[in-house]
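**Student:** Below are the sequence and a predicted model for it; my questions follow.
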Amino acid sequence: MKKHSKKYLEALSKVDVKKSYTIDDALSLAKDVAFANFDESVDVAFRLGVDPRHADQMLRGALALPAGTGKDIRVCVITSGDKIAEAEAAGADFAGSDELVQKIQGGWLDFDRVIASPDMMGKLGRIGRVLGPRGLMPNPKLGTVTPDVAKAVKEQKAGKIEYKTEKTGIVHVMIGKKSFSPEQLKENFMAILTAIMRSKPASAKGTYLKSIKVSTTMGPGIRIDTYEAAGAV
């Protein structure tokens with residue numbers, strides 16, 4: 001059994017684990033009980049009534065959070081020609097062609113997102129084994145394979161997040177930092193909630209939104225009222 005710290009238990013004592021809080025109260029409480037001496041991330045876990053074993057019930061998408069993520073995203077762009085300079089001008093941390101592919105092949109992973117132009121897709125196959133398991137492989141559906149690399153870089157830097165259903169039917173997303181205002185956290189929460197609700201698979205049966213919990217990096221989970229959440233979209 002995991003042994004929790006005194007500070008965690010003190011934070012947990014302020015949370016009614018049997019209660020489903022309103023969105024506003026849950027987000028405020030998550031901030032209030034955060035105890036770490038760094039700017040903790042605020043994360044939300046949506047447990048959905050889907051079976052990820054079926055491809056048509058697997059949720060996967062990306063969206064730009066209105067208030068950003070509060071995180072400095074390091075973006076690597078694999079492209080060619082003039083687009084290298086375009087990516088750099090848009091704020092890419094790294095931009096290049098074959099030399100970056102070779103570097104990644106050698107195990108270099110000093111970035112959080114990878115964007116590629118369509119002409120480089122053939123070369124990306126060589127680094128799929130490196131990027132794939134880490135969820136870094138560029139994907140046209142997520143907007144990370146695109147001819148407009150400058151726009152993609154700006155979106156990632158501004159707080160575009162990716163989400164997908166895990167094997168357990170849970171979607172985990174970061175909606176900001178402890179230092180965010182409750183209004184900023186709610187704005188981001190509503191954006192991802194709306195995206196998830198609108199992505200409900202037609203084949204999903206029964207209750208779709210089973211539970212929602214918000215927590216900070218070190219803090220306890222706080223349950224959000226699913227009825228209020230579903231009705232807010």
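**Tutor:** Cool, the structure landed. Keep in mind it's a predicted model, so treat the numbers as computed, not measured.

**Student:** if I look at the residue of the chain positioned farthest from its centre, how far off is residue 95?
**Tutor:** Centroid-distance maximum for the chain: residue 81 at 30.8 Å, with C-alpha atoms, centre = their mean. For residue 81, the distance to residue 95 (C-beta to C-beta, to the nearest Å) stands at 11 Å. Glycine gets a C-beta too; all of them are placed from N, C-alpha and C.

**Student:** again with residue 175
**Tutor:** 29 Å.

**Student:** And those two? Which one has more around it.
**Tutor:** Neighbour totals were compared for residue 175 and residue 95, and residue 175 leads with 28 against 23 (other C-beta atoms under 10 Å).

**Student:** Leaving out sequence neighbours, find the closest residue to the more buried one.
**Tutor:** Nearest residue to residue 175, sequence neighbours excluded (C-beta to C-beta, 6 or more residues apart in numbering): residue 188, at 4.1 Å.

**Student:** and what of residue 28?
**Tutor:** Using C-beta to C-beta, 6+ apart and skipping residues adjacent in sequence, the residue nearest residue 28 is residue 182, 5.2 Å away.

**Student:** quick one, what contacts the one you found?
**Tutor:** Neighbouring residues of residue 182 by C-beta atoms under 8 Å, 6 or more residues apart in numbering: 24, 27, 28, 31.

**Student:** Tell me the most packed of these, by neighbour count.
**Tutor:** Busiest of the contacts of residue 182 [other C-beta under 10 Å] is residue 27, holding 27 neighbours.

**Student:** Going along the chain, name the strands of this structure.
**Tutor:** In the chain, the segments counted as strands under DSSP state E are 41-48, 60-64, 75-78, 94-96, 113-116, 160-164, 170-177, 209-216, 222-224.

**Student:** Report the distance from the third one to the chain centre.
**Tutor:** Going back to what we said before, that points to strand 75-78. 18 Å (C-alpha atoms, centre = their mean, to the nearest Å).

**Student:** So what are the sheet partners of it and their directions?
**Tutor:** Applying DSSP bridges, strand 75-78 is found paired with strand 94-96 (parallel), strand 113-116 (parallel).

**Student:** Need the winner for burial among the ones you listed.
**Tutor:** Counting by mean count of other C-beta atoms under 10 Å, strand 113-116 has the highest mean neighbour count of the strands paired with strand 75-78, with a mean of 25.

**Student:** what does that one contact?
**Tutor:** 73-79, 87, 92, 124, 131, 136-138, 144-146, 149, 152-153, 156.

**Student:** Using CSV, write out every CA atom in the lengthiest helix in the chain.
**Tutor:** Looking across the chain with DSSP state H, the single longest helix is helix 182-198. Output in CSV follows, covering the C-alpha atoms of helix 182-198 (Å, rounded to 0.1, in the frame of the first residue of the first chain):
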residue,chain,number,x,y,z
PRO,A,182,-10.0,29.9,-11.6
GLU,A,183,-11.4,31.6,-14.6
GLN,A,184,-8.5,30.5,-16.8
LEU,A,185,-8.7,26.9,-15.5
LYS,A,186,-12.5,26.8,-16.2
GLU,A,187,-12.1,28.2,-19.7
ASN,A,188,-9.6,25.4,-20.5
PHE,A,189,-11.7,22.8,-18.7
MET,A,190,-14.8,23.7,-20.7
ALA,A,191,-12.8,23.6,-24.0
ILE,A,192,-11.6,20.0,-23.5
LEU,A,193,-15.0,18.9,-22.0
THR,A,194,-16.8,20.3,-25.1
ALA,A,195,-14.4,18.5,-27.4
ILE,A,196,-14.8,15.2,-25.6
MET,A,197,-18.6,15.4,-25.4
ARG,A,198,-18.9,16.3,-29.1
